[in-house]
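Visitor: what follows is a predicted protein model with its sequence.
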2 protein chains.
Amino acid sequence: MQLNELETPALILDRLAMDRNIARLRDRLAGFDVALRPHVKTNKSADVARRIGAPGSPITVSTLKEAEYFFEHGWADILYAVGIAANKFAHVADLVQRGARMTVVLDNVETARALAAFCRSTELTIPVLIEIDTDGHRSGVPPEAPLLLEIAAQLGKSEAAGGAWLSGVMTHAGDSYNCPSTADIEKVAELERAGAVRAAQRLRAADYPAPVVSVGSTPTAHFARSFDGVTEVRAGVYVFFDLVMHGLGVCEQSDIALSVLCSVIGHQQEKGWIITDGGWMAMSRDRGTSGQKVDQGYGVVCDQAGIPLPGLIMQQANQEHGIIVHRDDTSLTPMLPVGTLLRILPNHACSTAAQHDGYHVVAGSSQIEAYWPRISGW
Amino acid sequence: MQLNELETPALILDRLAMDRNIARLRDRLAGFDVALRPHVKTNKSADVARRIGAPGSPITVSTLKEAEYFFEHGWADILYAVGIAANKFAHVADLVQRGARMTVVLDNVETARALAAFCRSTELTIPVLIEIDTDGHRSGVPPEAPLLLEIAAQLGKSEAAGGAWLSGVMTHAGDSYNCPSTADIEKVAELERAGAVRAAQRLRAADYPAPVVSVGSTPTAHFARSFDGVTEVRAGVYVFFDLVMHGLGVCEQSDIALSVLCSVIGHQQEKGWIITDGGWMAMSRDRGTSGQKVDQGYGVVCDQAGIPLPGLIMQQANQEHGIIVHRDDTSLTPMLPVGTLLRILPNHACSTAAQHDGYHVVAGSSQIEAYWPRISGW
């Protein structure tokens, strides 16, 4: 099947770009003594994940539905990287009883106490990472906070003790998404590393072995100068990249492996508008570049082969309509004929991919070599 | 099952509010000589659609996947309200051959010519509406444009002639979403009505019967003073309502039937942040109230029973994390205990519902009376 035989809109994955992106981070981390635990929340597809690492390799998930799905596809070492809520304990227990090695995350005494009680009553052994806040952007305990040891006090010291045991610490430098330069990403990466390592040192000084120090984000994974003391790196969007990552200087536009194929369905010639059948349902409502130096609207417009058309962005979105204009001057918008196929590069790969049931895979031509389904929901 | 037995996040539908919303528009339109052709793009669920009208009643869809699904659930009179692209002709033909009455929309000569040729070669009869632009917000032909008759010239004059035949006109007053007052919505509604009727009159003067005059949007359907000359009204979001509709003055906040149930999973007490497991994946990235008088962030925060908690909004979103604060002063944010269940009212029902696989239905209590699946994709 060829691209021009698809009904539009459709999600297109350029496997060659993806494979380059996967190799880039793998090669970079090979220079450090650190493991990669890729975050599959971006791709949610066993077919994509197989190209990152064989089933059995460690992964990070953002939902228990992902944990379930990847476990059923052969991945067993799974970090669920969102602070666990008590209403998910039974689901985690079910996965553990079926043979998954589930690691969970928390950042408060109440949850640690509740999980410890749950593990006692169910006789389950579950490793726990305490989330550390290294940049003030979201959850977690500051590395120097007394709270760190108060949480630890609720948990077992090692796997041998059974129950909910303190496996180590994790942090996510979400602030790296707001860096004005890659030099700033380096600095955020060092804060991420140093904060996580410092928290682990405090736990070890209190007689918790805390073997795991897990850090990560796509920007910091690519620009950190040191992973000293870190045991594993998490990253997700690096597999596809997107316009936000391009705006941060983490990738070239040509590295973006994901795009949405749409058709020109009309024009408003006097306004310089091209209308397509790719709206926000196909792109998502993500406007992640709106706060960056270059606002890319809802996405950069490429031809059917994936080559950017100079100056064209998707400026507006209705549910199933996109409006494409020349970014500088709508009078320069070329009135591309009705039926023209376009590919729109997304602001944010995680949110755009989530709007689709699967990937139409291409590799350097208009031939579709595969369809890779993906999951959604919780 | 009770709300507190669900894993969070989960989409909650208040059936009592929904039934009131459905009755409100039905009762309003009963005072006019006009049919309702509800847009199912908001709900994408046969269970919801059954409460609007029996299978067999006319509906509007935004994708051919919706057409397929609702046809298989008993609805046969289907308007696909997005300008048709040639790569969808075969799919439409398949539905028609299986017994659906599919009406399609277009606004240019090229598509009309291509569809007419397709219908000749396949010996299919397909009714066509020309899209009219009555407010400059998106697609369509201005009511007075010569183009209107150029498009018509490509199409058959009546169903008896067979092929692609001109069934009438349709318009959508999307500009009604930007009105500062309901008085302005009334004015936009009159422009919508008058423009569509004027276009139909021009076609009739050229000897096209053009029996259908289809208008609609949730705001104009509720505030139009006249539907003279209109044969059918389309509206979709009125079934659920949302914060954008509330901001426009179209509904009360208590009319919003959709919410996302999430759990408090932590705090950043010094910042006045409550962290939940409901992020943008559960709410969507829609920030539709950001341009309104009151910016509601990612949503208004309610307790488990759906009662708004004074001043609390979901201010920030990560993929699976929400950050809740007091809108005026984060020092006023109450540190709701870990495990507290909250319900977040969405900016935009269409985009939030699209993030979920189905609705957990409640009716005036915490008892879940049903799970109604919904579809996604194209």
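Guide: Good, I have the coordinates.
Visitor: look at the residue of chain A positioned farthest from its centre and report its pLDDT.
Guide: Going by Cα atoms, centre = their mean, the residue of chain A most distant from its centre is A:E270, 40.5 Å out. We note a pLDDT of 95 for A:E270 in this prediction.
Visitor: excluding sequence neighbours, find me the nearest residue to A:W280.
Guide: A:A317 (3.9 Å; Cβ to Cβ, 6 or more residues apart in numbering or on different chains). (Glycine included, C-beta is placed from N, CA and C.)
Visitor: show me the contacts for the one you found.
Guide: A:279-280, A:283, A:285, A:298, A:323 (Cβ atoms under 8 Å, 6 or more residues apart in numbering or on different chains).
Visitor: what's downstream of the lengthiest helix in chain A, the next helix or strand?
Guide: Across chain A, the longest stretch assigned as helix under DSSP state H is helix A:182-205. Next along the chain after helix A:182-205, taking DSSP states H and E as the criterion, comes strand A:212-215.
Visitor: the helix or strand following that following strand packs against which elements?
Guide: Using DSSP H and E, the helix or strand that follows strand A:212-215 in sequence is helix A:218-223. The elements that helix A:218-223 packs onto, with contact taken as 3 or more Cβ pairs under 8 Å, 6 or more residues apart in numbering or on different chains; DSSP states H and E, are helix A:15-30, helix A:182-205, helix A:243-248.
Visitor: out of those, nearest to A:S376?
Guide: helix A:15-30 (19.8 Å; Cβ to Cβ).
Visitor: what about A:L155, neighbour count?
Guide: Using other Cβ atoms under 10 Å in any protein chain shown, A:L155 has 24 other residues around it.
Visitor: now do the same contact list for it.
Guide: Here A:L155 is in contact with A:112, A:116, A:128, A:163-166 (criterion: Cβ under 8 Å, 6+ apart).
Visitor: 10 Å - rerun?
Guide: Shown in contact with A:L155 (Cβ atoms under 10 Å, 6 or more residues apart in numbering or on different chains): A:106, A:112-113, A:115-116, A:119, A:126-128, A:130, A:161, A:163-167, A:203, A:208.
Visitor: also near chain B: which of these, exactly?
Guide: A:106, A:113 (Cβ under 10 Å from any Cβ of the partner chain).
Visitor: in PyMOL, select just the buried ones from the contacts of A:L155.
Guide: Filtering those down to the buried ones (16 or more other Cβ atoms under 10 Å in any protein chain shown) takes a single PyMOL command:
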select buried, chain A and resi 106+112+113+115+116+119+126+127+128+130+163+164+165+166+167+203+208
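Visitor: end to end, how far does stretch A:336-353 reach?
Guide: 26 Å (Cα to Cα, to the nearest Å).
Visitor: buried ones in it?
Guide: A:336, A:338, A:340-353.
Visitor: now swap in stretch A:247-267 and tell me
Guide: A:247-251, A:253, A:255-267.
Visitor: which ones among the residues you listed are found in helices?
Guide: Reading helices off the buried residues of stretch A:247-267 with DSSP H, I get A:247-248.
Visitor: give me the subset of the buried residues of stretch A:247-267 touching chain B.
Guide: A:261-267.
Visitor: what's the farthest-apart pair in those?
Guide: A:L261 and A:H267 (19.0 Å).
Visitor: please identify which of the contacts of A:A317 is nearest to chain B.
Guide: A:R285 (3.8 Å; Cβ to the nearest Cβ).
Visitor: A:H360 bridge partners, please.
Guide: A:I12, A:Y371 (DSSP bridges).
Visitor: quick one, what contacts it?
Guide: A:H360 neighbours (Cβ under 10 Å, 6+ apart): A:1, A:3, A:6, A:10-13, A:261, A:368-372.
Visitor: which of those residues are buried? Put it as a ChimeraX command.
Guide: The following ChimeraX line selects those of these that are buried, judged by 16+ other Cβ under 10 Å:
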select /A:3,6,10,11,12,13,261,368,372
